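>>> Pasting the sequence and the predicted coordinates here, then a few questions.
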Amino acid sequence: MPDKSSIWDKPLWTVLTKDLTCEFRSRQALGSLGMFALITLACVSMSLGGAVLEPQLAAALLWVVLFFAAMAGLARSFVQEQETGTLFTLRLYASAPAVFFGKLMFNLVLLMGLTAMILPLFVILLNVDVLLPEVLLLTVLLGNLGIGTVSTLTAAMLTRAQGKGALFTVLTFPVLLPQFLSAVSVTTQALNGAFTGYRELLFMAGYDGLMLAAAMLLFDILWQD
């Protein structure tokens with residue numbers, strides 16, 4: 001059994017590398033994320049027919065697309081281990097923090113790739129002006145960290161549950177709702193150029209820190225059981 005005292009080097013990066021390699025071969029999560037986002041943006045763009053959205057509506061739409069696209073792909077965080085029967089082997093190889101942060105980093109890679117694809121299409125297809133791009137990027141980073149953290153923990157909780165897809169979204173959304181509302185508020189200000197959302201950004205950062213701490217404690221219990 002490998003030495004678990006070194007969780008911040010080999011075990012963590014091995015979990016991340018394994019997931020990235022498997023995703024590169026199958027492209028299941030990335031395909032689900034990308035197709036949902038593309039179809040949603042294309043449908044909205046054709047429905048609008050060139051009309052310009054109000055900043056608040058555009059901000060809400062952006063986060064709805066990001067959230068539900070994430071739900072379409074991140075529910076599979078532990079599916080491969082369950083299907084192949086390697087959960088026990090993973091428990092022997094790495095401690096709970098190494099597995100959690102390896103899975104979290106993999107989910108964040110997917111989310112940032114999704115965001116890099118969505119944002120340009122969002123601006124072009126929906127004819128949106130971003131007056132404060134640096135505020136928007138910071139908001140997206142904080143929002144993605146919150147989505148990734150909560151999604152990783154929820155996926156671990158539902159590893160053995162039936163109907164994971166439906167339960168995953170139902171359990172994740174209420175927890176992410178405060179972060180979601182703050183993200184929509186700050187994104188609205190980034191689009192209209194009237195930024196006063198320092199408190200919202202601080203709240204988002206604090207929320208991410210709280211969720212990370214809570215997820216580490218809860219995941220350790222889940223992983224041992």
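Noted; the coordinates are in hand. Numbering: from 1, shown residues only.
>>> is it true that residue 110 touches residue 72?
No - in this structure residue 110 lies outside contact range of residue 72 using C-beta atoms under 8 Å: 10.7 Å. For every residue, glycine as well, the C-beta is placed using N, CA and C.
>>> shared neighbours, these two?
Listed contacts common to residue 110 and residue 72 are residue 33; contacts here mean C-beta atoms under 8 Å, 6 or more residues apart in numbering.
>>> which of the two has more neighbours?
Between residue 110 and residue 72, counted using other C-beta atoms under 10 Å, residue 110 has the larger neighbour count: 26 against 21.
>>> and that one, what pLDDT?
Here, the pLDDT recorded for residue 110 equals 88.
>>> In terms of helix, strand or coil, where does it fall?
Three-state assignment for residue 110 (DSSP: H, G, I helix; E, B strand; the rest coil): helix.
>>> and the gap between it and residue 170?
Shown here: residue 110 relative to residue 170, a distance of 21 Å by C-beta to C-beta, to the nearest Å.
>>> Then residue 33?
Distance from residue 33 to residue 170, by C-beta to C-beta: 19 Å.
>>> more crowded one of the two?
Just comparing residue 33 and residue 170: by other C-beta under 10 Å the higher neighbour count belongs to residue 33, 24 against 12.
>>> That one - nearest residue in space that isn't next to it in sequence?
residue 73 (4.0 Å; C-beta to C-beta, 6 or more residues apart in numbering).
>>> How about residue 122?
Using C-beta to C-beta, 6+ apart and skipping the chain neighbours, the partner closest in space to residue 122 is residue 62 (5.7 Å).
>>> residues in contact with that neighbour?
Counting by C-beta under 8 Å, 6+ apart, residue 62 makes contact with 118, 122, 187.
>>> In helices only, show me these.
Secondary structure from DSSP state H places 118, 122, 187 of those in helices.
>>> Kindly provide the distance from the nearest residue to the last one once chain neighbours are set aside to residue 130.
Spelled out, that is residue 187. Closest residue to residue 187 apart from its sequence neighbours, by C-beta to C-beta, 6+ apart: residue 59 at 3.7 Å. Distance, residue 59 to residue 130, using C-beta to C-beta: 10 Å.
>>> more neighbours, these two?
Neighbour comparison, residue 59 and residue 130: the larger count goes to residue 59, with 24 against 19 (by other C-beta under 10 Å).
>>> isn't the more buried one right next to residue 192, touching?
No - counting by C-beta under 8 Å, residue 59 stays clear of residue 192, with 9.1 Å between them.
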